[in-house]
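> Quick one, fold the following:
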Amino acid sequence: FFLVCVVLFFEMAGSTVEVWVKSATGLIGPDMFDVPDPYCRVYLDNKQIMKTKHKNNDKSPVWDEKTGVTLTDGHSKVRFEVMDKDTLSRDDFVGEAELEMEELKHLGTVERSLPLIRKQKQVGIIFVSVKFLK
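The predicted model follows:
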């Protein structure tokens, strides 16, 4: 069971988006015999806007990291991709979740728990809070 707490603050086109990745808990990495070294990458559509530092051997990492990015027109989703850092090989994919921007446009502030998915199976939950700033 995997849990990442993320706080996002969105403004409309031309405004700043602040992304705050807080923590995770109960992380099960792709290799069941190894404790993961997790980090989270955040994408606005297909452009990476943030990457947290990895935490060594941690099933419940606390990242508590923030970043900002300027929005342009046409963004459709935010994707959270959790990875397991490896030293001698490529980093392993843990799971991902997406949040549709359309929902945010209508509600202004959204708090959701989203399934974290790997190979069409839920491998945890990611918690997000999103707010368009005026």
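
> correct me, but residue 51 touches residue 21?
No - taking contacts as CB atoms under 8 Å, residue 51 lies outside contact range of residue 21: 9.3 Å. Where C-beta positions appear, they are placed from N, C-alpha and C, glycine not excepted.

> Mutual contacts of those two, please.
Applying CB atoms under 8 Å, 6 or more residues apart in numbering, one finds that residue 51 and residue 21 are jointly contacted by 40, 42.

> More neighbours: which of these two?
residue 21 (28 against 15; other CB atoms under 10 Å).

> what is the more buried one paired to in the beta sheet?
On the basis of DSSP bridges, residue 21 is bridged to residue 6, residue 65.

> Identify the residues contacting residue 66.
By CB under 8 Å, 6+ apart, the neighbours of residue 66 are 18-21.

> With pLDDT and distance to residue 62 as added columns, please give the residues you listed in CSV.
As requested, the contacts of residue 66 are exported to CSV (pLDDT from 0 to 100; distance: CB to CB, whole Å):
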residue, pLDDT, distance to residue 62
18, 70, 18
19, 73, 16
20, 75, 12
21, 78, 10
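
> ranking these by neighbours, who comes first?
residue 21 leads these on contacts (other CB under 10 Å) with 28 neighbours.

> pretty sure that one is touching residue 65, no?
Yes - here residue 21 reaches residue 65: they are 5.2 Å apart, a contact under CB under 8 Å.

> residues shared between the contacts of those two?
Joint contacts of residue 21 and residue 65 (CB under 8 Å, 6+ apart) are 50, 52.

> can you give me the strands for this structure?
3-10, 16-25, 38-44, 47-51, 62-70, 77-84, 92-100, 109-118, 121-132 (DSSP state E).

> need the least confident one among those, by mean pLDDT.
Lowest mean pLDDT within the strands of the chain: strand 3-10, at a mean of 48.
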